[in-house]
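[1] after the sequence you'll find the predicted model.
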Amino acid sequence: MQGSTHHHSLRTDATGMHQEPFWVRCVLIGMAYVIVLGLIFIPLIYVFYQALAPGVSVFLDNLFGDPDTRHAIWMTLTVAPIAVLLNTIFGLAAAWTLTRFRFPGRGTLLTLLDVPFAISPVVAGLMFVLLFGMQGYLGPFLRDYGIQLIFSWPGLVLATTFVTLPFIARELIPLMQAIGPDEELAAVSLGASPWQLFWQITLPNIRWGLLYGIIQCNARAMGEFGAVFVVSGHIAGETDTMPLRVEKLFQEYNNPGSFAVAVLLTLMALSTLLAKVLLEHYLAAQDAARLEEASSVEGTT
């Protein structure tokens, strides 16, 4: 009786949601469309229009005819994957440590993960300059060993890694807390090695969260501007990334070139999202095949 009453209340609440006044639904839906169109779709279309308006040949020449722009593209395609790889390793290690162990300072470490979100990227870049620059605290020490971080590509990797550091860890921590350690403890009790535990138990359980975190991290890494601007020195043909190149071309009143690089950066971000969707469908199809195979085995037994 209690279950039927609860079911009835849920049904009443559900139907009540559809009994809102028509004008309220129109206003809410209209506001959603206005926000999406005004803040995302229309500016995106405008950028593509400005880049392609002079013609496809001019668009391609703006991208690949300028050696400084080519180098900026190459720099972005180098720095972003390295930062994502480092943050993937760190995110997995941090999530595993914070969810599977209890130790003094755990809460502090969990809080410190949000520091890159709390401070401005420009402040982060300035911090690295003050630490690792030639006149910085560790600059003379690095100079004695012939190491240059600031105004070179290692500094870009360092700044980009710092800014994107929380994405993967923060995606995995609540997921691993919700899953719990039961399956892993059972595998250990059956004699699983650490690598078997990771590849066969942990990774399959967290793959969706890990994938989503990697995509967020990659999109943020490719579009990072503030911290990279400070540590790069803005040297054309050496330390410019694509966002820096967009800004520099715009300041030089080369709007077609600026919009062309912006379009390529947008296409890279959209291709990342497309890869995510395709991989999700592939993994979902594999999971469905496994479930179907398991159910068929149970049916025969």
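    Noted; the coordinates are in hand. Residues are numbered from 1 along each chain as shown.
[2] surely residue 83 touches residue 157?
    Yes - counting by Cβ atoms under 8 Å, a contact exists between residue 83 and residue 157, whose distance comes to 5.8 Å. Any C-beta I mention is one placed from the backbone N, CA and C, and that applies to glycine too.
[3] burial of residue 76, as a residue count?
    Counted with other Cβ atoms under 10 Å, the neighbours of residue 76 add up to 27.
[4] so what's it scoring on pLDDT?
    Predicted confidence (pLDDT) for residue 76: 93.
[5] which SSE is it in?
    Taking DSSP states H and E as the definition, one finds residue 76 inside helix 67-100.
[6] now that helix: buried residues?
    Using 16 or more other Cβ atoms under 10 Å as the burial criterion, the residues of helix 67-100 that qualify are 68-69, 71-73, 75-76, 79-80, 82-84, 86-88, 90-92, 94-96, 98-99.
[7] pLDDT averaged over the longest helix along the chain - what is it?
    The helix spanning the most residues in the chain, taking DSSP state H as the definition, is helix 255-300. Averaging pLDDT along helix 255-300 gives 81.
[8] give me the helices and strands touching it, please.
    Secondary-structure packing of helix 255-300 (3 or more Cβ pairs under 8 Å, 6 or more residues apart in numbering; DSSP states H and E): helix 42-52, helix 56-64, helix 67-100, helix 203-223, helix 242-251.
[9] do you know which of the ones you listed lies nearest residue 175?
    Taking Cβ to Cβ as the criterion, residue 175 comes closest to helix 203-223 out of these, the separation being 4.1 Å.
[10] CA-only coordinates of stretch 47-55 in PDB, if you can.
    Coordinates of each C-alpha in stretch 47-55 appear next as PDB, following Å, rounded to 0.1, in the frame of the first residue of the first chain:
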ATOM      1  CA  VAL A  47      34.200  33.900 -36.600                       C
ATOM      2  CA  PHE A  48      33.900  31.300 -39.400                       C
ATOM      3  CA  TYR A  49      32.300  34.000 -41.700                       C
ATOM      4  CA  GLN A  50      35.100  36.500 -41.100                       C
ATOM      5  CA  ALA A  51      37.800  33.900 -41.700                       C
ATOM      6  CA  LEU A  52      36.300  32.400 -44.900                       C
ATOM      7  CA  ALA A  53      34.900  35.700 -46.400                       C
ATOM      8  CA  PRO A  54      38.100  36.500 -48.300                       C
ATOM      9  CA  GLY A  55      38.100  33.000 -49.800                       C
END
